[in-house]
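Q: no sequence for this one, just the structure:
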Ligand code: MRU
């Protein structure tokens, strides 16, 4: 089990995850530490599953598709190092609750490991687990490319010719996938096609994935962009400065309800009020066909200190409580379209999601 992962960086943005079996004296999962961006490009080396779980929980590594890839490599790591693979899989799958990709990636690689272990040595099963994790990684890169192409086609049909002003929230680019990402991948494709007039980057309180990560990616790729505080989005819509909203997803329920970074729901309401298309871009691995609707999606609640402190300095009075959900849920009626690697769903409804379920199972 040597060599590196199939994914690579884009526009000088390093790949957010790689497998390495040579440089660190044994198999490890190497992460680009997203908590330190954009100040520093530092790697976090995880040689065991508790370190990987800690990295997921501290958002060293984050974003739904990437969590799926990391979950897969985590199972491969446990197998390669001879740990309790079943126990490791459980810990990894539970590390964060909302992005369904995490448990999906863990289960997919675990299934291959179990099947191989039932018929051969644990060494062979470890090899099979790593091969599956690499395959999952490569498939995510291919899904990014397909979403970018479908998304650009959708925008060309929805928006007038000329330069587009696109608003996005959180970070959905190279840093969350094996390729160019989801919503930001579509933005990148629009930029490469000469259609991007401006990317509006919501700062994305409280952890600033927009200001720190999306702005960093946009700068690296030479996109025209501006960062705004989340509370300024209404004024931007009111000024007629937004042509479309593109966001990712952490989990899409069977009725099309979409959980994404907190603040997304408010953007969907603004978009509806101002007659602006609101588009979700996500791979099929983000669709949870087994959860009926938004009420069934568990929303991660995070530490109050993320809200009451800023950069480690307390900004709210001592003892202040905080409401700090990491995600919110946008109802399907506010979503103009969902772009997946299998094409565009519109309208977004139980029927169209079910059609996707059938197509994804029949290949
Ligand atoms: O808490 P995070 O940073 O993991 O949240 C990420 C998001 O909400 C993204 O928008 C989502 O995972 C889609 S990434 C393609």
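A: Looks like it came in fine. Predicted model, so just to flag it, every value in this text is computed and none were measured. Residues are numbered from 1 along each chain as shown.
Q: Contact partners for the closest residue to the ligand within the chain?
A: Proximity of the chain to the ligand (CB to the nearest ligand atom) peaks at residue 248, 2.7 Å away. C-beta coordinates here come from the backbone N, C-alpha and C atoms, glycine included. Counting by CB atoms under 8 Å, 6 or more residues apart in numbering, residue 248 makes contact with 63-64, 170, 172, 176, 181-184, 260-261, 280-282, 286.
Q: Tell me where the longest helix sits in the protein.
A: If you go by DSSP state H, the chain has its longest helix at helix 122-158.
Q: near the ligand, anything from the helix or strand just after that helix?
A: Sequence order places strand 164-168 as the next helix or strand after helix 122-158, per DSSP states H and E. No. Strand 164-168 stays clear of the ligand (CB under 6 Å from any ligand atom), getting no nearer than 8.8 Å.
Q: any residues touching strand 164-168, and which ones?
A: Contacts for strand 164-168 (CB under 8 Å, 6+ apart): 155, 183-184, 187, 190, 195-202, 210, 214, 233, 236, 241-247, 267.
Q: how about a cut-off of 6 Å?
A: The contact list for strand 164-168, computed with CB atoms under 6 Å, 6 or more residues apart in numbering, reads 183, 187, 195, 197-200, 241-246.
Q: what is the orientation angle of that strand with helix 122-158?
A: 140 degrees (axes from the mean of the first three to the mean of the last three CA atoms, to 10 degrees).
Q: what mean pLDDT would you report for strand 164-168?
A: When pLDDT is averaged along strand 164-168, the result is 98.
Q: and the stretch 51-200 of the chain, which residues reach the ligand?
A: Going by CB under 6 Å from any ligand atom, the residues of the stretch 51-200 of the chain near the ligand are 59, 62-65, 99, 170, 172, 176, 181-182.
Q: Now render those as CSV, adding secondary structure and distance to residue 139.
A: Shown next, in CSV, are those (DSSP: H, G, I helix; E, B strand; the rest coil; distance: CB to CB, whole Å):
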residue, secondary structure, distance to residue 139
59, coil, 24
62, coil, 20
63, coil, 16
64, helix, 14
65, helix, 10
99, coil, 17
170, coil, 23
172, coil, 18
176, helix, 15
181, coil, 14
182, coil, 14
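Q: quick check, nearest of those residues to residue 116?
A: residue 65 (24.7 Å; CB to CB).
Q: Now that closest one. Nearest residue, chain neighbours left out?
A: Sequence neighbours aside, residue 177 is the residue nearest to residue 65 in space, at 4.4 Å (criterion: CB to CB, 6 or more residues apart in numbering).
Q: these two touch, right, that neighbour and residue 139?
A: No. Counting by CB atoms under 6 Å, residue 177 does not reach residue 139; the two are 10.7 Å apart.
Q: So the two - more neighbours on which side?
A: Per other CB atoms under 10 Å, whichever of residue 177 and residue 139 has more neighbours is residue 177, with 31 against 18.
Q: Can you tell me the element residue 109 falls in?
A: Here residue 109 is assigned to helix 100-119, by DSSP H and E.
Q: Revised request: answer the last question for residue 329.
A: Assigned by DSSP H and E, residue 329 falls in strand 327-330.
Q: how far does that strand sit from the chain's center?
A: Relative to its chain's centre, strand 327-330 lies at 14 Å (CA atoms, centre = their mean, to the nearest Å).
Q: Quick one: name whatever helix or strand follows it.
A: By DSSP H and E, the next helix or strand past strand 327-330 is strand 337-340.
Q: Which elements pack onto that following strand?
A: helix 122-158, strand 278-281 (3 or more CB pairs under 6 Å, 6 or more residues apart in numbering; DSSP states H and E).
Q: can you give me the strands for the stretch 251-363 of the chain?
A: 251-252, 258-261, 278-281, 309-310, 313-314, 327-330, 337-340, 343-345 (DSSP state E, counting those that start in this stretch).
Q: For the ones you listed, give me TSV that also has mean pLDDT.
A: Formatted as TSV, those follow (pLDDT from 0 to 100):
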stretch	mean pLDDT
strand 251-252	98
strand 258-261	98
strand 278-281	99
strand 309-310	95
strand 313-314	97
strand 327-330	98
strand 337-340	98
strand 343-345	98
